[in-house]
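Q: mind folding the following:
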Amino acid sequence: MAASVGRATVRAVKGLKRPIPTRAALVMTQAAVHKVKEILQSKPDVQALRVGVKTRGCNGLSYTLDYAKEKGKFDEEVSQDGIKVFIDSKAQLSLLGTEMDYVESQLSSEFVFNNPNIKGTCGCGESFSV
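A: Now for the predicted structure:
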């Protein structure tokens, strides 16, 4: 079993105004690209990060981030600015068109998924439904 990278928050996005290529499974902001590069450089045996979803939380699903030493048979590979992110086959439809961001504040630092497919989120922002 792969080790977990950290926590992630979800944001429901309505009326998305930024252009996202319709075929892009996941687009990363420059902050996310920088943080993923930093994480991968600290783990030389890791090839990429794997993004997935699990059934949990008060609203149904939540994101998972794990280290990936190899690409799974049905994983979708997203390459951007020299880094790789694998999307687990179970998460591909719920992540389609999502923007992955990295946000730091005085109290926390986390990956945030701005997902236009979400129908609802819980109050804490850690679980969602599609």
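Q: for the longest helix anywhere in the chain, what is the average pLDDT?
A: Ranked by residue count under DSSP state H, the longest helix found in the chain is helix 30-41. The predicted model assigns helix 30-41 a mean pLDDT of 91.
Q: got the contact list for that helix?
A: 5, 28, 46, 48-49, 80-83, 85, 100-103, 111 (CB atoms under 8 Å, 6 or more residues apart in numbering). Where you see a C-beta, it was placed from the backbone N, CA and C, and this is true even at glycine.
Q: next one: stretch 44-54
A: Outside stretch 44-54, the residues touching it (CB under 8 Å, 6+ apart) are 2, 5, 26, 36, 39-40, 61-72, 75, 77, 83-88, 90-91, 94-95, 100.
Q: related to what we said a few turns ago, just checking: what are the partner strands of the following helix or strand past the longest helix of the chain?
A: Under the assignment DSSP states H and E, the closest C-terminal helix or strand after helix 30-41 is strand 48-55. The strands that strand 48-55 pairs with in its sheet are strand 61-68 (antiparallel), strand 83-87 (parallel) (by DSSP bridges).
Q: picking up where we left off before, just the buried positions in the longest helix of the chain, please.
A: Ala32, Val33, Lys35, Val36, Ile39, Leu40 (16 or more other CB atoms under 10 Å).
Q: Leu107: neighbour count?
A: Burial measure for Leu107: 5 neighbouring residues, criterion other CB atoms under 10 Å.
Q: look at it and give its secondary structure.
A: Secondary structure, DSSP: H, G, I helix; E, B strand; the rest coil: Leu107 is coil.
Q: ditto for Phe74
A: Under three-state DSSP, the three-state class of Phe74 is coil.
Q: and the pLDDT at the nearest residue to it once chain neighbours are set aside?
A: Excluding the flanking residues, the one nearest Phe74 by CB to CB, 6 or more residues apart in numbering is Ser89, at 3.7 Å. If you check Ser89, the pLDDT there is 85.
Q: likewise for Gly97?
A: So, for Gly97, pLDDT stands at 82.
Q: how near is it to Ala31?
A: Distance of Gly97 to Ala31, computed by CB to CB, to the nearest Å: 19 Å.
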